[in-house]
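Enquirer: model the following, please.
(chains A, B and C)
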Amino acid sequence: MPELPEVETIRRDLKSLILNLKVLDISTDSPKQVQPSLKEVKKALLGRKIKDIKRRSKVLQIFFSNGVIILIHLKLNGRLLVRDKSDGKDKWQHITLSLSNDKELRFSDSRKFGWWKLIKNKEELEKVLSDFGPEFLDDLDFEKFKEILSSTRRNIKVILMDQKVMSGVGNIYANDALFLAGIDPRRTADKISSDEIKKLFNALEKVLKAGLKYRGASDQYYLDARGQKGSYQNHFLVYGKTGQKCLNCQDKIKRIVVGGRGTFYCPSCQK
DNA sequence: AGTCGCCTGGTA
DNA sequence: TACCAGGCGACT
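Expert: Prediction:
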């Protein structure tokens, strides 16, 4: 579920909850999700302290005191929950990192699409992260954004969601930003005018910041690291609102498929 | 560029 | 029962 606002919210939570705790054990009932293997990961982490937690695109990076890093991708349904050891099992709990202070970092994932991946050092990390395009809120300015859009004939919505082109935007925020900018999600990127690109750039910044402010969108699965829901779902502009009235006009929100993904837009406001 | 697969759960 | 799902890589 998680896009930039959700993953970033979790990152901030984790930083305040588990920094400097020591790894006592790790277990899983879904070994395919742990790479290269539970055994390797256990060997690398046991007795190590959590020193930092970063995010790149939708991937979290946990840095340990011996220099190894665990990358975590939540894909569609992953949750990272910090619980007390004595708390009852979480639903769909598949990986458990036992920590000092009687804490646990639990990975819950109903569809089992997410993964944990052991990275040995910073060089290896750089290599993995170099595949990602610029971070939307940190290192993508308007000029760069404009350059990217005007140099491709791919579909605008698909481009916004391509992490190799720019990082952090998924289906929810892409839909809402295109609505705010008044752009039909089926359009080709290089056919979008400079004025519209400006609107879109501002719209993306606006929806991502709203997502952060409301601590993410909890439609069905997303929870923060404390197990609390976000509230951006109460502020969706078009996402998931098929048949509901547009916020700007009398028309109804329509659902179509673009790039194989559910896409929501107002046929009157988005041209 | 479009489709399929990974897996499972929720809802019409 | 059928269809839908916030991601993403592999395939054609």
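Enquirer: what helix or strand is A:L200 on?
Expert: helix A:194-213 (DSSP states H and E).
Enquirer: what residues does the stretch 101-250 of chain A put near DNA strand C?
Expert: Residues of the stretch 101-250 of chain A lying near DNA strand C by C-beta under 7 Å from any atom of the strand: A:111, A:113, A:131, A:161, A:163-164, A:170-172, A:216-222, A:233. Quick note: C-beta positions are derived from backbone N, CA and C, even for glycine.
Enquirer: how about the nearest residue to A:I159 once chain neighbours are set aside, what does it touch?
Expert: Closest residue to A:I159 apart from its sequence neighbours, by C-beta to C-beta, 6 or more residues apart in numbering: A:A189 at 5.1 Å. Applying C-beta atoms under 8 Å, 6 or more residues apart in numbering to A:A189 gives the contacts A:I148, A:L149, A:S150, A:T152, A:R153, A:R154, A:N155, A:I156, A:I159.
Enquirer: distance of A:A189 relative to A:K120?
Expert: 38 Å (C-beta to C-beta, to the nearest Å).
Enquirer: and A:N66, by the same measure?
Expert: 10 Å.
Enquirer: quick one: low-confidence ranges for the stretch 1-150 of chain A?
Expert: A:1 (pLDDT under 70).
Enquirer: get me the contact residues on it for DNA strand B.
Expert: Within the stretch 1-150 of chain A, the positions lying close to DNA strand B (C-beta under 7 Å from any atom of the strand) are A:K32, A:W92, A:S110, A:R111, A:K112, A:F113.
Enquirer: compare those and tell me which has the most neighbours.
Expert: Highest neighbour count within these, by other C-beta atoms under 10 Å: A:W92, with 17 neighbours.
Enquirer: surely that one meets A:D109?
Expert: Yes: counting by C-beta atoms under 8 Å, A:W92 touches A:D109, with 5.8 Å between them.
Enquirer: for A:G262, list each beta-bridge partner.
Expert: Here A:G262 sits in beta bridges with A:V257, going by DSSP bridges.
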